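fold the following, please.
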Amino acid sequence: MAAGSSSSSSGNSSSHLHLCLLFFYFFLVFLFCGGGGFVGVANARPVSSIVSEATYNSLFLHKDDSVCPARGFYPYSAFVQATRRFPLFGAYGDLATRKREVAAFLAQISHETTGGWATAPDGPYSWGLCFKEEISPPSNYCDSTNTQWPCFPGKSYNGRGPIQLSWNYNYGPAGRALGFDGLRNPEIVANNSVVAFKTALWFWMTRQPPKPSCHDVMVGRYRPTAGDIAANRTAGFGLVTNIINGGLECGIPGDSRVNDRIGFFRRYAQIFGVDVGPNLDCANQRPFG
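I've put the predicted structure just below:
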């Protein structure tokens, strides 16, 4: 009787364990393979499934023209290689959300590196990725009050790469996250194509409190604080502009720089076949403190 009772108890325990494991397996499949719009890292589709090489080249029609200082510096292969370091980029949410995020990222880096003008061939929004480094920077972008990321003598932390990474307090943490010495060797961002794209993606994906990440804003994960609500920092492409350069561009109705960013975004979203979403500008937003 004791043996029979023990055997029944063991069988029940085994059955319960099996059911629990089975439930856990299906929960993970639901969570990471589409349930609620989530996509897990292991199952994330590469950005190349959204942006083919042909599409990439159609977005940046003039990046390799002789008049562009960055000609040859931003190949498709470097972009794709850099995205592998950030597997959630362009992989969170449904297909429309993924496409919209990628379009927003490419629009922002296009404005930061544009060589276009109002009457440029193929329009002003075909000239992204024309520059890889700021021309005639007004300073060395060293914030000497920042003791966590102290400037290295003789180095300049001016804008470089697709996002025009600037200031020692950005070069330092970007380098630490990506495996290079951003304070002693900031020039690598303008000398290595993959590193350059990685710095842009690092900035895009990384929260820098009180700022959310651009990624969180574009995929619907932004949760405004009371301060954000008071400052009218509403989710949308305009908030991404606020994160990137709000101190100079936001709170200004009709700012030409903001409009240029929006122009790129509209063109790319149309090519990807998605809408641009709400709150495109930051004219009524206060910059982050």
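
these two touch, right, residue 247 and residue 287?
Yes. Using Cβ atoms under 8 Å, residue 247 is in contact with residue 287, at 4.7 Å. (Glycine included, C-beta is placed from N, CA and C.)

and those two? Which one has more around it.
In this view residue 247 and residue 287 are compared by other Cβ atoms under 10 Å, and residue 287 has more residues nearby, 17 against 11.

now that one: closest residue in space, sequence neighbours ignored.
Nearest in space to residue 287, with sequence neighbours left out and distances taken as Cβ to Cβ, 6 or more residues apart in numbering, is residue 246 at 3.7 Å.

show me where the stretch 51-200 of the chain has helices.
53-59, 76-83, 95-112, 168-178, 188-191, 193-205 (DSSP state H, counting those that start in this stretch).

so how far is residue 222 from the residue lying closest to residue 173 once chain neighbours are set aside?
The shortest distance from residue 173 to any non-neighbouring residue, by Cβ to Cβ, 6+ apart, is to residue 149 (6.9 Å). The gap separating residue 149 from residue 222 is 26 Å, by Cβ to Cβ, to the nearest Å.

could I get the pLDDT score of residue 36?
Looking at residue 36, its pLDDT reads 34.

from what I can see the residue nearest to residue 287 touches residue 288, true?
Yes. Contact criterion Cβ under 8 Å: residue 246 and residue 288 qualify, at 5.9 Å.

which of those two has more neighbours?
Taking other Cβ under 10 Å, residue 246 and residue 288 do not tie; residue 246 has more neighbours (22 against 19).

now what about the helix or strand the more buried one falls within, what contacts it?
Assigning secondary structure by DSSP states H and E places residue 246 in helix 237-249. Under the criterion Cβ atoms under 8 Å, 6 or more residues apart in numbering, residues 104, 107-108, 112, 163, 203, 211-214, 217-218, 222, 233, 250, 255, 257-258, 261-262, 265, 276-277, 279-283, 285, 287-288 lie in contact with helix 237-249.

going on from it, what's the next piece of helix or strand?
helix 256-272.

pLDDT weak spots in this protein?
1-44 (pLDDT under 70).

tell me, what residue is most central in it?
In the chain, the C-alpha nearest the mean C-alpha coordinate belongs to residue 204, at 2.9 Å (Cα atoms, centre = their mean).

what's the closest non-adjacent residue to it?
Nearest residue to residue 204, sequence neighbours excluded (Cβ to Cβ, 6+ apart): residue 214, at 4.6 Å.

cool, residue 130 as well?
Per Cβ to Cβ, 6+ apart, closest to residue 130 is residue 115, 2.9 Å.

phi, psi of the one you found?
phi -120, psi 10 (degrees, to the nearest 10).

what sits against it?
Residue 115 touches 62, 65, 67, 68, 127, 130, 131, counting by Cβ under 8 Å, 6+ apart.

again, only this time at 10 Å
When contacts are counted by Cβ atoms under 10 Å, 6 or more residues apart in numbering, residue 115 touches 62-63, 65, 67-71, 124, 126-131.

kindly report the same for residue 190.
Counting by Cβ under 10 Å, 6+ apart, residue 190 touches 69-70, 73, 131-134, 158-161, 165, 196.
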